[in-house]
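Trainee: The amino acid sequence is not available; the structure is as follows:
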């Protein structure tokens, strides 16, 4: 993952970095970088779709990565714990035949039509992202935007 950084100031080549946009008077306008270093632990990761795809593939492969999945970023035990409900956030039948919602370790968890859904969002002024995985389908969806409306 060579196109990711945990802080805007750590991005080497800024020639292909987005500017956030927000709706103003019915138009999207650039809002620039309107957050401070204090936001970095919660929302400071900058990445590309290519790098995020590597991260999602490692998640779907229980921490394994590399050409033949020969490397291990985190153990299968740690992976199960990340995707185990730690805090219940909702019950009862909801959209998409969902019966539970919970928070694991860094991931929102729910069931969607009988499948586990693992997701997390991110966002700051003018920037919204979402990663959604359905492990049983080996499916990962990454959405990165440079605007905040329509999250």
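Mentor: That came through, no problem. All of these numbers come straight from a predicted model, not from anything done at the bench.
Trainee: which element is residue 12 on?
Mentor: Assessed by DSSP states H and E, residue 12 sits outside every helix and strand.
Trainee: All the strands of the protein, residue numbers only.
Mentor: With DSSP state E as the criterion, the chain has strands at 21-24, 27-30, 64-65, 71-72, 87-94, 98-103, 108-112, 115-124, 127-134, 139-145.
Trainee: Same list as before, these that is, but in a markdown table and with mean pLDDT and distance to residue 12 included.
Mentor: In short, each C-beta sits where N, CA and C put it, glycine included. Putting those into a markdown table (pLDDT from 0 to 100; distance: least, Cβ to Cβ, whole Å) gives the following:
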| stretch | mean pLDDT | distance to residue 12 |
| --- | --- | --- |
| strand 21-24 | 89 | 24 |
| strand 27-30 | 90 | 22 |
| strand 64-65 | 96 | 23 |
| strand 71-72 | 97 | 24 |
| strand 87-94 | 84 | 37 |
| strand 98-103 | 91 | 34 |
| strand 108-112 | 95 | 32 |
| strand 115-124 | 91 | 21 |
| strand 127-134 | 93 | 20 |
| strand 139-145 | 95 | 19 |
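Trainee: Can you give me the buried ones in the longest helix belonging to the chain?
Mentor: Secondary structure assigned by DSSP state H gives helix 49-60 as the longest helix of the chain. For helix 49-60, a neighbour-count test (16 or more other Cβ atoms under 10 Å) marks 51, 52, 54, 55, 56, 58, 59, 60 as buried.
Trainee: Going by distance to residue 103, which of the residues you listed wins?
Mentor: residue 59 (15.9 Å; Cβ to Cβ).
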